[in-house]
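Student: Following is a predicted model, sequence given first.
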Amino acid sequence: MQRFTTTWLKTVTNLETAAPPRISPRKVPSGLNFRMAETTDIPQLLPLAKEFFELSAFSRLGIEYSEANVEKYLTILLDNMFAPSLLALVGDNVVGWCQFQYDASAFKKPVAVLNQLFVTKKYRRTVIGRMLLSTAMEIAKDEQACAFIAPVNSGSAHIHSLGNLLAKGGFKMTGFIMSKEL
């Protein structure tokens, strides 16, 4: 199990100049900030995790949501720094979340694997998703990852938008995920 070791905690302060040139400054919410998640953020992450679940196809597969399990999982991840969790905040409110982990089980260099990329409804048509993803890729590259894999399996109505975001980020289709209720 590889631990997240980077000391990268950069905070973007001037987002209008930090955003890629094709992004209109009006798409950058006022007061937007990014930082790594800590265990003290778990109470704000729980509603995002639940909203993500509710938008996904997981319930149609007979999967039931457990806030207690999500809280335990996040505590383990954040306490042990096993998986980087990047937050987007507007003021003090978490409005976006990108979490990934490293897999070096069969590779000479680790591969970053996206676990979560979620932006709350109010901020979905802003730059937040793109900035979370590009920052996550930057962190993974700094950690010597040789690739970034984004398995998309939520079945959300927003899956096409996510696919477009990934394609614009340079991702290519390398497979697919199928699911079956047991």
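Tutor: Structure's in. What do you need? Residues are numbered from 1 along each chain as shown.

Student: so what pLDDT did Glu51 get?
Tutor: Per-residue confidence (pLDDT) for Glu51: 90.

Student: which residue sits closest to it, ignoring its sequence neighbours?
Tutor: Thr120 (7.0 Å; Cβ to Cβ, 6 or more residues apart in numbering). All C-beta spots, glycine's among them, are computed from the backbone N, C-alpha and C.

Student: Lys50 is in contact with that neighbour, correct?
Tutor: No. Taking Cβ atoms under 8 Å as the contact criterion, Thr120 and Lys50 are not neighbours in contact, 11.6 Å apart.

Student: In terms of neighbours, single out the busier of the two.
Tutor: Taking neighbours as other Cβ atoms under 10 Å, Thr120 and Lys50 compare with Thr120 leading, 18 against 13.

Student: From Thr126, how far out is the more buried one?
Tutor: According to Cβ to Cβ, to the nearest Å, Thr120 and Thr126 sit 10 Å apart.

Student: and Ala37, how many neighbours?
Tutor: For Ala37, the count of nearby residues is 21 (other Cβ under 10 Å).

Student: hang on, Phe171 packs against Pro151?
Tutor: No. The pair Phe171 and Pro151 does not pass the contact test of Cβ under 8 Å, sitting 10.9 Å apart.
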